[in-house]
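**Q** Provided below are the primary sequence and the corresponding predicted coordinates.
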Amino acid sequence: MEQQSVLTKIKEAAAYIRSKYTAAPEIGLILGSGLGVIADLVEQATVIAYNDIPHFPVSTVEGHAGELLLGTIHGKHVLLMKGRFHMYEGYGVDVVSFPVRVMKELGVKTLIVTNAAGGVNTSFEVGDLMLIKDHINFTFRNPLIGPNFNELGVRFPDMSEAYSRRLRDTARAVAAEQGIKLQEGVYIGLLGPTYETPAEIRMMRTLGADAVGMSTVAEVIVARHAGIEVLGFSCISNMAAGILDQPLSHEEVMETTERVKPKFLQLILGIVAKLD
């Protein structure tokens, strides 16, 4: 994609959002399957459908509402994506990460990403919340391939602290205050849409993965390229293939995320309150 067209698309999408909500958001949130309930926290929300925003893709997955919410949480201006885009829907890696570019253009400095993930670590339980400390990119796609636009970020961005140590310290402190058990581990991102085989899960455990999903990685790469600080959470919505003797289903994912809703809302609210 040519430089002018990429930058123009980012600016046109941001200009449309600004026409509906004039305040500059400080915090961006991207919500995974069944986790759109966090949108309930946004006060005086302005709601914009994805298909109204120039150059925005549309989410086609059950549990993803396909709306952008802008408003405040604890007096801080936030931009919240209720539903995200996935490569398994047929979108390119640059498309699924495009909204993060728009967030940066609007002024977002901190990004909180959430996802529903399968537990690879056998000590995890369904319903656990995992603080993401690192990721493994098993999609074998990178949104930064191609010409680099210096206006957006450096050619070779550092990923040694993809998930901010400072923000993880804040998350652990808030979880401790609230009495929430918070696991911590490595998220491995795959293309999907099939769930993994038991053999693949054994391989991932050997590689050091604790949870597996089909999103997040491209968004985080683009956020770091743009200089946005990232905090990530996985809701362990099911145990990955081969750990329990049962088939996997999206229905189980949705049921689990519904069950953990109260503690997840409480945790996010507490973290946002402490962000500076």
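**A** Noted; the coordinates are in hand. Since we're looking at a predicted model, the values are computed, not measured. Numbering: from 1, shown residues only.
**Q** And the helices in the stretch 51-200 of the chain?
**A** 93-96, 98-106, 165-178, 198-207 (DSSP state H, counting those that start in this stretch).
**Q** Can you verify my assumption that M239 contacts S123?
**A** No. The pair M239 / S123 is not scored as a contact, 10.9 Å apart, by C-beta atoms under 8 Å. Where C-beta positions appear, they are placed from N, C-alpha and C, glycine not excepted.
**Q** Between these two, which has more neighbouring residues?
**A** M239 (20 against 9; other C-beta atoms under 10 Å).
**Q** Now that one: closest residue in space, sequence neighbours ignored.
**A** Closest residue to M239 apart from its sequence neighbours, by C-beta to C-beta, 6 or more residues apart in numbering: G119 at 4.7 Å.
**Q** Confirm L231 sits in a helix?
**A** No. Counting by DSSP: H, G, I helix; E, B strand; the rest coil, L231 falls outside a helix, being strand.
**Q** about what we covered before: turn the helices of the stretch 51-200 of the chain into CSV, including mean neighbour count.
**A** As requested, the helices of the stretch 51-200 of the chain are exported to CSV (neighbours: other C-beta atoms under 10 Å):
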stretch, mean neighbour count
helix 93-96, 20
helix 98-106, 24
helix 165-178, 16
helix 198-207, 15
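**Q** and of these, who's closest to L231?
**A** helix 165-178 (4.0 Å; C-beta to C-beta).
**Q** mind checking how far Y88 is from R141?
**A** 11 Å (C-beta to C-beta, to the nearest Å).
**Q** can you list residues touching both of those two?
**A** L191 (C-beta atoms under 8 Å, 6 or more residues apart in numbering).
**Q** so what's the closest residue to P193 other than its chain neighbours up against?
**A** Of all residues not flanking P193 in the chain, Y88 sits nearest, at 3.9 Å (C-beta to C-beta, 6+ apart). By C-beta under 8 Å, 6+ apart, the residues touching Y88 are 191-193, 214.
**Q** Kindly indicate which of those residues lies nearest T72.
**A** For the contacts of Y88, the nearest to T72 is M214 (31.0 Å; C-beta to C-beta).
**Q** number of nearby residues for the closest one?
**A** For M214, the count of nearby residues is 25 (other C-beta under 10 Å).
**Q** ditto for A273
**A** 13.
**Q** any idea which helix or strand carries it?
**A** helix 250-274 (DSSP states H and E).
**Q** Show me which positions of that helix end up buried.
**A** 250, 252-254, 256-257, 260-261, 263-264, 266-268, 270-272 (16 or more other C-beta atoms under 10 Å).
**Q** Quick check: of those residues, which lies closest to S164?
**A** For those, the nearest to S164 is I271 (11.7 Å; C-beta to C-beta).
**Q** Which pLDDT value goes with the closest one?
**A** Per-residue confidence at I271 stands at 95 (pLDDT).
**Q** ok so, going back, pick the one among the buried residues of helix 250-274 closest to L35.
**A** Scanning the buried residues of helix 250-274 for proximity to L35, where the rule is C-beta to C-beta, the winner is T257, at 5.6 Å.
**Q** This completes my enquiry, with thanks.
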